[in-house]
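Asker: Curious how this folds, go ahead:
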Amino acid sequence: MSNKKTAEISNPDPQQIQVADIGVRNSGFDSLRGIFAIMVFFSHVELMKYYNKMEHLFENDALFQLGRIGVTGFFALSGFLIIAHLLKVRDEASSTTTEKVKTFYFKRILRIWPLYYTIILLSLYVFPHISALHFDIPPEAKDARMNIDQLQYYYLFLLPHVPLAQLTVLPFAEPAWSIGVEEIFYLLIPILIFCTKRLLPWLAGLFLAIVIGRYIAFFNSEPPYEDFLFCIFTLSRFDCILAGCIAGVLYYEKRPILQKVNTAVFGVTLAVLIISILSVSRFTYQYYHYAILFTIIIVYVALNSKNILNNKVLQFYGKISFSLYMTHEIVIVLLIKNYNFADEPPVLLHLCSFIAATGLGFISYKIIEEPFLKLKSKVGKQKALN
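Answerer: Modelled structure (predicted):
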């Protein structure tokens, strides 16, 4: 590739920027999804070892926070893609605003609900009766199944983060907390998008308000990590989604500032991100700075068709990332409870779990996700034809 072409990729003309369409898969975004899912997986292997009183590395701050940082990446990427898509839909003259909003919600349901409710229903009513999946809850937490008559409604109405904020765990459905946070956010954001043309000030204002509000909540809670309102505020990381949303607006509007996100900026951002993960504190409760770093990387991937993230293996894991994210705890616990890894090298459990989780994630994707994704794509085509 010539130096001229390289410069064009690193510093794209804002007039040539193509709006991200959530219906079109970007291989770089798939790779990012794969990386985020793998981060969560390896953190949760150590979490499950801790739950089951095995020798573990969960005291390590970086491993403790790795899954939470991975989820932050999911939040930022989701915000970027969905805001760009919604803005594009908003400005089309193909249908009324009401029809556009209805279509958005219907497609969101097809994307998220089938797998979400499969895992929730299994975790509530099936897994507790399978002895091979016995799940040990740590003493500092409560088992949601012990109060299922009342708590089941939080999970059934997409609010799994509410019990978790009270240190109440539903075995095998812990990852669902982030789905509840996203669904609440996406229930509200179309209203803002379709009601105002001055979107950036609103998004930036909300971002700052949440970040500052969380600091205030921390200093006014005693002790903060035992305070329900502080914990629910910490889990509800709308600021991380908003970071991606702000970048999505800049991308859609082809703002010249995007020219600054070149290969050098990408490299520096990646280095800062790695250092930040390795030096993270166990007691971190703010993740907006990780969201900002992830957002810069996301913008770079959006602007550069050729980048180091074009990797077939990572793209495969990105494709099954939602299934892998929602099902991986099942195979980890199954292996821990039915095979003796105590005298084996620690890496063996990670390796066996990863292989098994990959298989279960792929099966889940093919059986549960893919049929509804095909239906979702047909809904989009049908609306376009109409």
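
Asker: quick one, helices of the stretch 151-300 of the chain?
Answerer: With DSSP state H, counting those that start in this stretch as the criterion, the stretch 151-300 of the chain has helices at 161-164, 177-195, 199-219, 228-235, 238-252, 263-278, 288-303.

Asker: Out of these, flag the one nearest H44.
Answerer: Taking Cβ to Cβ, helix 177-195 is the member of those nearest to H44, at 12.7 Å. To be clear about C-beta, it is placed using only N, CA and C from the backbone, and glycine gets the same treatment.

Asker: what sits against S27?
Answerer: Contacts for S27 (Cβ atoms under 8 Å, 6 or more residues apart in numbering) come out as 309-310, 315.

Asker: scratch that, I241
Answerer: By Cβ under 8 Å, 6+ apart, the neighbours of I241 are 75-76, 78-79, 181-182, 185, 291.

Asker: Go again with 6 Å.
Answerer: Contacts for I241 (Cβ atoms under 6 Å, 6 or more residues apart in numbering) come out as 75, 79, 185.

Asker: How about A209?
Answerer: A209 neighbours (Cβ under 6 Å, 6+ apart): none.

Asker: Would you mind stating the distance between it and L203?
Answerer: Distance from A209 to L203, counting by Cβ to Cβ, to the nearest Å: 11 Å.

Asker: just E226 next, same as before
Answerer: Per Cβ to Cβ, E226 is found 32 Å from L203.

Asker: Which of these two has more residues huddled nearby?
Answerer: L203 (23 against 11; other Cβ atoms under 10 Å).

Asker: so which of the contacts of I241 comes closest to W177?
Answerer: Nearest member of these to W177, counting by Cβ to Cβ, is F75, at 11.8 Å.

Asker: Could you tell me the per-residue confidence at that closest one?
Answerer: Residue-level confidence at F75 comes out at 98, pLDDT.

Asker: Over to E92?
Answerer: Among the per-residue scores, E92 holds a pLDDT of 82.

Asker: got it, and L335?
Answerer: In this model, L335 carries a pLDDT of 95.

Asker: which phi and psi does it have?
Answerer: Main-chain dihedrals, L335, degrees, to the nearest 10: phi -70, psi -40.

Asker: check contacts around it.
Answerer: So L335 contacts 352-353 (Cβ under 6 Å, 6+ apart).

Asker: Quick check: it vs G67, distance?
Answerer: For L335, the distance to G67 (Cβ to Cβ) stands at 18 Å.

Asker: Could you do S377 as well?
Answerer: Per Cβ to Cβ, S377 is found 30 Å from G67.

Asker: Then H289?
Answerer: Remark: distance between H289 and G67 (Cβ to Cβ) = 17 Å.

Asker: who's more crowded, those two?
Answerer: Under the criterion of other Cβ under 10 Å, the comparison of H289 against G67 puts G67 first, with 23 against 16.

Asker: what's the helix or strand for L375?
Answerer: helix 370-385 (DSSP states H and E).

Asker: K376 contacts K107, doesn't it?
Answerer: Yes. Using Cβ atoms under 6 Å, K376 is in contact with K107, at 5.1 Å.

Asker: Looking at these two, which is more packed in?
Answerer: Neighbours of K376 and K107, each counted by other Cβ under 10 Å, are more numerous for K107; the result is 21 against 17.

Asker: Could you list every helix and strand that whichever strand or helix holds that one packs against?
Answerer: Under the criterion of DSSP H and E, K107 resides in helix 97-125. Packing partners of helix 97-125 (3 or more Cβ pairs under 6 Å, 6 or more residues apart in numbering; DSSP states H and E): helix 177-195, helix 370-385.

Asker: Please dump those helices into a markdown table; it should also carry distance to L87 and mean pLDDT for every row.
Answerer: Formatted as a markdown table, the helices and strands packed on helix 97-125 follow (distance: least, Cβ to Cβ, whole Å; pLDDT from 0 to 100):
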| stretch | distance to L87 | mean pLDDT |
| --- | --- | --- |
| helix 177-195 | 7 | 92 |
| helix 370-385 | 16 | 75 |
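
Asker: Quickly compare these and say which is most buried.
Answerer: For the helices and strands packed on helix 97-125, the largest average neighbour count (mean count of other Cβ atoms under 10 Å) is found in helix 177-195, namely a mean of 18.

Asker: before we move on, back to that, can you lay out the contacts of I241 as JSON lines showing distance to T118?
Answerer: Shown next, in JSON lines, are the contacts of I241 (distance: Cβ to Cβ, whole Å):
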{"residue": "F75", "distance to T118": "22"}
{"residue": "G79", "distance to T118": "25"}
{"residue": "F185", "distance to T118": "22"}
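
Asker: Nearest to S94, out of those residues: which one, please.
Answerer: Nearest member of the contacts of I241 to S94, counting by Cβ to Cβ, is G79, at 24.2 Å.

Asker: I'd like to know how many residues surround the spatially closest residue to the closest one that is not a sequence neighbour.
Answerer: Nearest non-adjacent residue to G79, counting by Cβ to Cβ, 6 or more residues apart in numbering: G244, 2.9 Å away. Neighbours of G244 under the rule other Cβ under 10 Å: 28.

Asker: Who are the packing partners of the helix or strand containing S78?
Answerer: Applying DSSP H and E as the criterion places S78 in helix 61-90. If contacts are counted by 3+ Cβ pairs under 6 Å, 6+ apart, helix 61-90 sits against helix 27-51, helix 177-195, helix 238-252, helix 263-278, helix 288-303.

Asker: Return the set of buried residues in that helix.
Answerer: For helix 61-90, a neighbour-count test (16 or more other Cβ atoms under 10 Å) marks 61-87, 89-90 as buried.

Asker: Just confirm M54 is within a helix.
Answerer: No. Using DSSP: H, G, I helix; E, B strand; the rest coil, the assignment for M54 is coil, not a helix.
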